[in-house]
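1. how would this look folded up:
(chains A and B)
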Amino acid sequence: MLEYIIDGPLWYFSLAVFVIGVLWKLGSIIFAKRKADFSVARGSSVPGAIRTVLTRFIPDKGMFSEIKLQVFAGYSFHLGLFALVFFAAPHVKFFDEHMLGFSWVTMPHWAFIVAAQFAFLGLLLLWLHRMINPVSRLISTASDHVTTILTFVVMLTGCLALLESFSGLRLLHRFSVELFLIIFPFSSLMHAFTFVPSRALTGAWFGRRGIKS
Amino acid sequence: MSKLFFRWLFSIMFLTLNFLMPAFAADSSGTDSMGNNSASVSQQFGVKSLGTDLWRDVRQRDTDIIGISQNKALKAGVLIDTKGNEWREFRQQWLLPYGGYFLIGALAFLTLLFLVVRKSRIPGGRSGKKVRRLTSMQIISHWFMVALIGFMSLTGLLLLFGRFVIIPLMGADAFSPIASASKEGHNLMGPLVVVSLILMLAYYIRYNWPAKGDLKWLFTLGGLLSKKHLEVGFFNAGEKVLFWLTIVLGIVISVSGLLLLFPYYEPTIERTQLALLIHAIAALILIAMVFGHIWMVLTVEGTIDAMKDGKVDENWAKSHHSRWYATASKSQPSESKVAESESGTSEPNKEGAY
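-> Take a look at the predicted model:
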């Protein structure tokens, strides 16, 4: 019964919430009314947008010494998680069989382990920083902590089910993923989709104003 | 009629028992059904089994025998490696019971301490004034290690003792996925322990070198025997001993664990078993030490504060680390600076958050 619910109705429900929620959020940002900018353009907004999207991947020189941990842990976690989600063999097989109908190259087992270790290392350090650094602690909300814990649980249950021999462990992982998908559009996890338009918008404004940043 | 019947019955039973007794004797001696003990049976009947010598060699009863094989793999000429069985017996008869007694003993001792030793209050109570003791990175390094050691201890103990706890409570069906999950989790997180050790060394080693007064602290058990207040720097000698034991045991656990994770570099079964034994013993000692560490922190009021926000009460600092406090208070005119070392030099927080 539990297996049926997790593999069936709950999966489709969580997927629907995720897709509709993300589209609704993105749509509300993209189609939001903005004040018209009547100032004389000093530069083009498109190169500014592209430049800002790309340059923000590199930490600012002046700031780097102050944010080394966040930069290292941030890259470690995000790259590790990206590799796990899109290149782990069980995930690619799942996408192929249940969602897309095609597959792509997968990571070897050792690469999976390395990616998981980088992801766990980064997430743990970032979470500790969020809880301990006074500034991070002050600007963190309960939602930030809940989503961090949920991300950790999703990763942990996935790795505990690595042997793929026990249905219970697989179901635990899938259930945590379903919770993750439901919470995703209503939390700061949305930054996975909004970071590009957010940077682009700022960059476009900079470009139009002739600011090189 | 009945007399004759009983005589026949007695004769049949006697003959049957006569035939079965040697077989019972062989079974009760603990031999398996592979004919290993056929020598004694054969000798009893005066017939030598043709397979006796062969199986004695296969099971390597008398000496280690390595056969010839075209396969070039290590130990390809060994049909049955008896070392695994010896290790299993050692694990069941020595490691598990004595390891369990050790941990239960440590827990019982700590429970006794909790019951007998009163909580040590800050002399003069909390002053309300705080002194910065640790940076964010020092606190993060500590909790990172705590998280990893906690996870590794839980999964490790489940792997070592789980079958004796989980199976009676939840059954074998529940134990299988728990054991599998523990193994995967333990193997996956293991290498991160090395990272946590490096972080601990990087952020704490400077406070843990031997310093003036450490021997006196050790000989008087922190002034407990001399009943005198001891001048202590950033860490006392007990804390330094704990730090170095954690580092040494952590290195031993990490090296032995990595050898177990990558058996291709340590291929002989004897060395693998030795690595496993060292890994288990070092881990049990470390877990017992962690119990003691937790007890100390909970018993001495104000100690945990440093690991919450990096600040400690001034009265706590004066009482427990007076020499450090003397330099820290000079170098910290306000709470916005971090006392970095015992030498009196202070550096602003690298993170710029304070």
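2. what's in contact with the helix or strand where A:G80 lies?
-> Assigned by DSSP states H and E, A:G80 belongs to helix A:68-87. Residues from elsewhere that reach helix A:68-87 (CB atoms under 8 Å, 6 or more residues apart in numbering or on different chains): A:59, A:64, A:91-92, A:105-107, A:111-112, A:115-123, A:125-126, A:129, A:151, A:155, A:158, B:137, B:140, B:351. Where C-beta positions appear, they are placed from N, C-alpha and C, glycine not excepted.
3. what's the angle between the longest helix along chain A and helix A:68-87?
-> If you go by DSSP state H, chain A has its longest helix at helix A:109-132. Angle, helix A:109-132 to helix A:68-87, by axes from the mean of the first three to the mean of the last three CA atoms, to 10 degrees: 140 degrees.
4. and helix A:109-132, what does it pack onto?
-> Contacts defined by 3 or more CB pairs under 8 Å, 6 or more residues apart in numbering or on different chains; DSSP states H and E place helix A:109-132 against helix A:68-87, helix A:134-139, helix A:142-160, helix B:136-170, helix B:172-204.
5. next, the buried residues of that helix.
-> Within helix A:109-132, the residues that qualify as buried are A:112-113, A:115-132, counting by 16 or more other CB atoms under 10 Å in any protein chain shown.
6. for stretch A:130-146, same thing?
-> Buried residues in stretch A:130-146 (16+ other CB under 10 Å): A:R130, A:M131, A:I132, A:N133, A:S136, A:S140, A:D144.
7. chain B contacts on chain A?
-> Contact residues, chain A versus chain B (CB under 8 Å from any CB of the partner chain): A:65-67, A:69, A:113, A:116-117, A:120-121, A:124-125, A:128-129, A:132-135, A:156, A:159-163, A:165-166, A:168-169.
8. just the pLDDT at residue 197, thanks.
-> As the question left the chain open, I've gone with chain A. On pLDDT, A:P197 comes in at 90.
9. my bad, chain B
-> So B:L197 comes in at 96 (pLDDT).
10. what about the nearest residue to it once chain neighbours are set aside, neighbour count?
-> Once flanking residues are discounted, B:L197 sits nearest to B:G250: 4.7 Å by CB to CB, 6 or more residues apart in numbering or on different chains. Counted with other CB atoms under 10 Å in any protein chain shown, the neighbours of B:G250 add up to 22.
11. mind checking how far the helix or strand where B:G250 lies is from the chain centre?
-> In this assignment (DSSP H and E), B:G250 forms part of helix B:237-261. Its chain's average C-alpha position is 10 Å from that of helix B:237-261, according to CA atoms, centre = their mean, to the nearest Å.
12. other residues contacting that helix?
-> In contact with helix B:237-261 (CB under 8 Å, 6+ apart) are residues B:187, B:190-191, B:193-194, B:196-197, B:200-201, B:204, B:208, B:210, B:213-215, B:217-218, B:222, B:235, B:265-266, B:271-272, B:275-276, B:278-279, B:282-283, B:285-286, B:289, B:293.
13. go with 7 Å
-> With contact meaning CB atoms under 7 Å, 6 or more residues apart in numbering or on different chains, helix B:237-261 is reached by B:187, B:190, B:193-194, B:197, B:201, B:204, B:208, B:214, B:217-218, B:222, B:265-266, B:272, B:275-276, B:278-279, B:282-283, B:285-286, B:289, B:293.
14. which among the residues you listed end up buried?
-> B:187, B:190, B:193-194, B:197, B:201, B:204, B:208, B:214, B:217, B:222, B:266, B:272, B:275-276, B:278-279, B:282-283, B:285-286, B:289.
15. gap between B:L284 and chain A?
-> B:L284 sits at a distance of 23 Å from chain A (criterion: CB to the nearest CB, to the nearest Å).
16. and the residue most central in space within chain A, how far from B:K330?
-> For chain A, A:A192 is the residue whose C-alpha lies nearest the centre (CA atoms, centre = their mean; 3.8 Å). Counting by CB to CB, to the nearest Å, the separation of A:A192 from B:K330 is 49 Å.
17. what of A:Y12?
-> 66 Å.
18. repeat that for A:I132.
-> 26 Å.
19. what do you get for A:L121?
-> For A:L121, the distance to B:K330 - CB to CB - is 38 Å.
20. got the CA coordinates for the helix or strand A:Y12 falls within in CSV?
-> Assigned by DSSP H and E, A:Y12 falls within helix A:9-30. This file holds the C-alpha atoms of helix A:9-30, laid out as CSV (Å, rounded to 0.1, in the frame of the first residue of the first chain):
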residue,chain,number,x,y,z
PRO,A,9,-0.2,9.0,-6.7
LEU,A,10,2.3,10.9,-4.4
TRP,A,11,4.9,10.9,-7.1
TYR,A,12,2.6,12.4,-9.7
PHE,A,13,1.2,14.9,-7.2
SER,A,14,4.7,16.1,-6.1
LEU,A,15,5.8,16.3,-9.8
ALA,A,16,2.7,18.4,-10.6
VAL,A,17,3.3,20.7,-7.7
PHE,A,18,6.9,21.1,-8.7
VAL,A,19,6.3,21.8,-12.4
ILE,A,20,3.2,24.1,-11.9
GLY,A,21,4.8,25.8,-8.9
VAL,A,22,8.1,26.6,-10.7
LEU,A,23,6.3,27.8,-13.9
TRP,A,24,4.0,30.0,-11.8
LYS,A,25,6.9,31.5,-9.8
LEU,A,26,9.0,32.1,-12.9
GLY,A,27,6.0,33.5,-14.8
SER,A,28,5.2,35.9,-11.9
ILE,A,29,8.8,37.2,-12.0
ILE,A,30,9.1,37.5,-15.7
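21. so for it, what gets flagged as buried?
-> Neighbour-count burial for helix A:9-30 flags A:L10, A:W11, A:S14, A:V17, A:F18, A:G21, A:V22, A:K25 (criterion: 16+ other CB under 10 Å).
22. and what of stretch B:310-323?
-> B:310-321, B:323.
23. one step back: so of the contacts of helix B:237-261, which ones are in helices?
-> Those of these lying in helices (DSSP H): B:187, B:190, B:193-194, B:197, B:201, B:204, B:214, B:217-218, B:272, B:275-276, B:278-279, B:282-283, B:285-286, B:289, B:293.
24. pLDDT score for the residue in chain A sticking out farthest from the centre?
-> Most distant from the centre of chain A: A:V40, at 37.1 Å, with distances by CA atoms, centre = their mean. Among the per-residue scores, A:V40 shows a pLDDT of 86.
25. that one belongs to a helix, doesn't it?
-> No. Judged by DSSP: H, G, I helix; E, B strand; the rest coil, A:V40 forms no part of a helix; its state is coil.
26. circling back to that earlier point, closest to B:N85 out of the buried residues of stretch A:130-146?
-> A:M131 (48.9 Å; CB to CB).
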